[in-house]
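Enquirer: Generate a structure from the sequence data that follows.
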Amino acid sequence: MSKILCIDFGTKRIGLSIPIRSIAFGLETLETVDYNHLIATIDKYIKNKYIDTLVIGHPLKSDKSLFPIEKDIIKFINFFKTKYPKLIIKRIDERFSSKIANYFLINSFFNKKKRKQKKILDQISAILLLQDFISNNS
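Expert: Modelled structure (predicted):
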(Lines give C-alpha, C1' and ligand atoms only; values in the text may rest on other atoms or scores of the structure.)
Protein backbone atom coordinates (compact mmCIF):
# COMPACT_ATOMS: atom_id res chain seq x y z
CA MET A 1 0.00 0.00 0.00
CA SER A 2 1.27 3.46 -0.82
CA LYS A 3 1.95 5.97 1.96
CA ILE A 4 -1.14 8.17 1.99
CA LEU A 5 -1.99 11.42 3.72
CA CYS A 6 -5.65 12.42 3.48
CA ILE A 7 -6.72 16.05 3.77
CA ASP A 8 -10.20 17.36 4.49
CA PHE A 9 -9.72 21.00 3.48
CA GLY A 10 -11.99 23.52 5.18
CA THR A 11 -12.15 27.29 5.41
CA LYS A 12 -11.14 27.34 9.10
CA ARG A 13 -9.49 23.98 9.68
CA ILE A 14 -7.92 21.08 7.83
CA GLY A 15 -8.36 17.53 9.07
CA LEU A 16 -5.59 15.02 8.40
CA SER A 17 -5.69 11.24 8.44
CA ILE A 18 -3.38 8.37 7.53
CA PRO A 19 -3.97 4.66 6.97
CA ILE A 20 -2.48 1.97 9.15
CA ARG A 21 -2.99 -1.49 7.64
CA SER A 22 -5.93 -0.35 5.52
CA ILE A 23 -7.72 1.42 8.38
CA ALA A 24 -7.91 5.22 8.46
CA PHE A 25 -6.83 7.02 11.63
CA GLY A 26 -7.04 10.69 12.52
CA LEU A 27 -3.69 12.43 12.62
CA GLU A 28 -4.19 16.10 13.39
CA THR A 29 -6.35 19.14 12.77
CA LEU A 30 -4.66 22.33 11.58
CA GLU A 31 -5.98 25.88 11.63
CA THR A 32 -5.97 27.52 8.19
CA VAL A 33 -5.31 31.05 9.49
CA ASP A 34 -1.53 30.61 9.14
CA TYR A 35 -1.05 29.31 5.60
CA ASN A 36 2.75 29.10 5.96
CA HIS A 37 2.46 26.95 9.09
CA LEU A 38 -0.10 24.78 7.33
CA ILE A 39 2.21 24.23 4.34
CA ALA A 40 5.22 23.58 6.61
CA THR A 41 3.30 21.00 8.66
CA ILE A 42 2.04 19.10 5.61
CA ASP A 43 5.54 19.31 4.12
CA LYS A 44 6.94 17.79 7.34
CA TYR A 45 4.49 14.87 7.09
CA ILE A 46 5.37 14.26 3.44
CA LYS A 47 9.10 14.14 4.26
CA ASN A 48 9.03 12.35 7.63
CA LYS A 49 6.38 9.74 6.83
CA TYR A 50 7.55 9.23 3.22
CA ILE A 51 4.13 10.14 1.86
CA ASP A 52 3.78 9.41 -1.86
CA THR A 53 0.03 10.07 -2.25
CA LEU A 54 -2.18 12.92 -1.09
CA VAL A 55 -5.92 12.27 -1.04
CA ILE A 56 -7.76 15.58 -0.95
CA GLY A 57 -11.47 16.10 -0.59
CA HIS A 58 -13.29 17.54 -3.58
CA PRO A 59 -15.99 19.88 -2.25
CA LEU A 60 -18.96 19.55 -4.56
CA LYS A 61 -22.43 20.89 -3.97
CA SER A 62 -25.36 18.51 -4.43
CA ASP A 63 -25.77 19.87 -7.99
CA LYS A 64 -22.04 19.04 -8.59
CA SER A 65 -21.00 22.70 -8.76
CA LEU A 66 -17.93 23.75 -6.78
CA PHE A 67 -17.69 25.62 -3.52
CA PRO A 68 -15.56 28.81 -3.52
CA ILE A 69 -12.91 27.06 -1.38
CA GLU A 70 -11.92 25.04 -4.45
CA LYS A 71 -9.67 27.96 -5.53
CA ASP A 72 -7.67 27.62 -2.31
CA ILE A 73 -7.45 23.85 -2.72
CA ILE A 74 -6.14 24.19 -6.28
CA LYS A 75 -3.48 26.67 -5.07
CA PHE A 76 -2.51 24.19 -2.35
CA ILE A 77 -2.37 21.27 -4.82
CA ASN A 78 -0.28 23.25 -7.32
CA PHE A 79 2.22 24.16 -4.61
CA PHE A 80 2.80 20.51 -3.72
CA LYS A 81 2.78 19.35 -7.36
CA THR A 82 5.58 21.82 -8.05
CA LYS A 83 7.58 20.94 -4.93
CA TYR A 84 7.12 17.16 -5.28
CA PRO A 85 6.62 16.29 -8.97
CA LYS A 86 6.37 12.55 -8.19
CA LEU A 87 3.70 13.05 -5.52
CA ILE A 88 0.41 11.45 -6.55
CA ILE A 89 -2.61 13.62 -5.81
CA LYS A 90 -6.06 12.05 -5.82
CA ARG A 91 -9.36 13.84 -5.29
CA ILE A 92 -12.35 12.28 -3.58
CA ASP A 93 -15.93 13.50 -3.50
CA GLU A 94 -16.54 14.85 -0.02
CA ARG A 95 -20.23 15.66 -0.33
CA PHE A 96 -21.92 15.04 2.99
CA SER A 97 -18.68 13.96 4.73
CA SER A 98 -19.08 16.65 7.41
CA LYS A 99 -22.72 15.70 7.95
CA ILE A 100 -21.83 12.03 8.26
CA ALA A 101 -18.96 12.90 10.62
CA ASN A 102 -21.33 15.00 12.73
CA TYR A 103 -23.84 12.13 12.84
CA PHE A 104 -21.06 9.77 13.88
CA LEU A 105 -19.91 12.20 16.57
CA ILE A 106 -23.42 12.61 18.01
CA ASN A 107 -23.87 8.84 18.17
CA SER A 108 -20.39 8.09 19.50
CA PHE A 109 -18.85 7.62 22.91
CA PHE A 110 -17.64 11.25 23.04
CA ASN A 111 -19.20 13.33 25.79
CA LYS A 112 -21.09 16.53 24.92
CA LYS A 113 -18.12 18.80 25.69
CA LYS A 114 -15.83 16.79 23.41
CA ARG A 115 -18.44 16.69 20.61
CA LYS A 116 -18.49 20.49 20.50
CA GLN A 117 -14.80 20.60 19.59
CA LYS A 118 -14.72 21.27 15.87
CA LYS A 119 -11.22 19.82 15.57
CA ILE A 120 -12.59 16.35 16.23
CA LEU A 121 -15.22 16.79 13.51
CA ASP A 122 -12.52 17.71 10.97
CA GLN A 123 -10.43 14.67 11.85
CA ILE A 124 -13.44 12.38 11.59
CA SER A 125 -14.25 13.87 8.17
CA ALA A 126 -10.68 13.14 7.04
CA ILE A 127 -10.94 9.59 8.42
CA LEU A 128 -14.20 9.01 6.53
CA LEU A 129 -12.72 10.37 3.28
CA LEU A 130 -9.64 8.18 3.58
CA GLN A 131 -11.60 5.06 4.51
CA ASP A 132 -13.84 5.64 1.48
CA PHE A 133 -10.75 6.03 -0.71
CA ILE A 134 -9.16 2.86 0.69
CA SER A 135 -12.37 0.86 0.24
CA ASN A 136 -12.76 1.97 -3.37
CA ASN A 137 -9.10 1.45 -4.31
CA SER A 138 -8.28 -1.92 -2.72
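Enquirer: Poorly predicted segments of the chain, please.
Expert: Applying pLDDT under 70 to the chain flags residues 1, 95-118.
Enquirer: wait, residue 129 sits on residue 17?
Expert: Yes: between residue 129 and residue 17 a contact is recorded at 7.3 Å, counting by Cβ atoms under 8 Å. Bear in mind the C-beta positions are built from the backbone N, C-alpha and C, glycine included.
Enquirer: Can you pull the residues that touch both of those two?
Expert: 6, 8 (Cβ atoms under 8 Å, 6 or more residues apart in numbering).
Enquirer: does residue 28 sit in a helix or strand, and which one?
Expert: strand 23-31 (DSSP states H and E).
Enquirer: Name the strands paired with that strand and say parallel or antiparallel.
Expert: With DSSP bridges as the test, strand 23-31 is paired with strand 13-20 (antiparallel).
Enquirer: Other residues contacting the strand it pairs with?
Expert: 1, 4-8, 24-32, 38, 42, 45, 49, 118-119, 121-127, 129-130, 134.
Enquirer: So for it, what gets flagged as buried?
Expert: 13-19 (16 or more other Cβ atoms under 10 Å).
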